[in-house]
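Asker: next comes the sequence, and after it the predicted model I'd like to discuss.
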Amino acid sequence: MAEIIKTLLDPRKIQRYLEGIVDVEDVDAKDRISGFFATGEIWADSSLNAIALDPTHCDHALIKYELWDGEPAATDWDESQSGSIHLTSGKVYAISSWSGGVTYNEEFDLGRRDQEWRFRIHRKFLSDEDFTTDIISLVLFKVQFWSPAEASRPSREEESTHTP
């Protein structure tokens with residue numbers, strides 16, 4: 001069973017308008033995701049050093065990052081999407097832009113440069129009875145990363161049960 005290695009809950013609410021998550025060293029990554037348009041069920045898409053995210057008309061977002069030693073178990077979040085991404089630096093942050101300005105949020109270090117990563121992104125819109133999503137205008141994202149190489153290795157429990 002996969003175990004979590006580290007997490008980061010970005011303490012700042014991302015203000016207008018979340019575009020995605022990019023590698024901190026790739027100055028062109030923002031340009032690759034700025035042309036992303038969500039189509040129905042597709043609200044996340046990846047390219048080299050970038051994951052485009054669609055907050056679907058929410059002005060604000062919160063992001064939690066997780067690094068796992070293998071593929072994490074499924075969760076009961078409203079929506080999930082998975083994919084692969086190659087990251088040059090192994091460090092990412094969320095970017096948002098509004099009125100020509102770009103905001104770079106808290107950095108999350110995956111600990112390995114120049115590697116392919118698997119990811120799963122969960123999305124949940126906040127609402128409660130009369131406080132609908134369009135009133136609250138806040139979306140939560142949980143971004144889980146793991147190395148495909150790590151996922152194919154036996155777990156620590158499996159290794160300890162094998163005898164030479």
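Answerer: Arrived safely, thanks for sending.

Asker: and the residue most central in space within the chain, what helix or strand is that in?
Answerer: When Cα atoms, centre = their mean is applied to the chain, the residue found nearest the centroid is residue 143 (3.1 Å). Following DSSP states H and E, one finds residue 143 within strand 138-146.

Asker: from the contact counts, what lies against that strand?
Answerer: For strand 138-146, the packing partners by 3 or more Cβ pairs under 8 Å, 6 or more residues apart in numbering; DSSP states H and E come out as strand 60-68, strand 115-125. Every residue, glycine included, has its C-beta placed from N, CA and C.

Asker: please identify the buried residues of the last one?
Answerer: Judged by neighbour count (16 or more other Cβ atoms under 10 Å), strand 115-125 contains these buried residues: 115, 117, 118, 119, 120, 121, 122, 123, 124, 125.

Asker: name the nearest of the residues you listed relative to residue 88.
Answerer: Nearest to residue 88, judged by Cβ to Cβ, of the buried residues of strand 115-125 is residue 115 at 9.0 Å.

Asker: could you measure from residue 45 over to residue 139?
Answerer: 16 Å (Cβ to Cβ, to the nearest Å).

Asker: show the end-to-end separation of stretch 103-116, please.
Answerer: 26 Å (Cα to Cα, to the nearest Å).

Asker: got it, and stretch 4-17?
Answerer: Taking Cα to Cα, stretch 4-17 runs 29 Å from one end to the other.

Asker: what lies in contact with it?
Answerer: The list of residues contacting stretch 4-17 from outside it, by Cβ atoms under 8 Å, 6 or more residues apart in numbering, reads 55, 59-69, 72, 94, 96-98, 103, 105-106, 108, 138.

Asker: more neighbours, residue 45 and residue 139?
Answerer: Shown here are residue 45 and residue 139; by other Cβ atoms under 10 Å, residue 139 has more neighbours (25 against 19).

Asker: got the contact list for residue 117?
Answerer: Shown in contact with residue 117 (Cβ under 8 Å, 6+ apart): 84, 85, 86, 87, 110, 145, 146, 147, 148.

Asker: phi and psi next, for the last one.
Answerer: Residue 148 has phi and psi values of phi -60, psi -30 when expressed as degrees, to the nearest 10.

Asker: what about it, how many residues nearby?
Answerer: Residues near residue 148, counting by other Cβ under 10 Å, number 13.

Asker: residue 139 contacts residue 63, correct?
Answerer: No: with contact defined as Cβ atoms under 8 Å, residue 139 does not count as touching residue 63 (9.6 Å).

Asker: tell me which helix or strand of the chain sits lowest on mean pLDDT?
Answerer: One helix or strand of the chain scores below all others by mean pLDDT, DSSP states H and E: helix 156-161, with a mean of 46.
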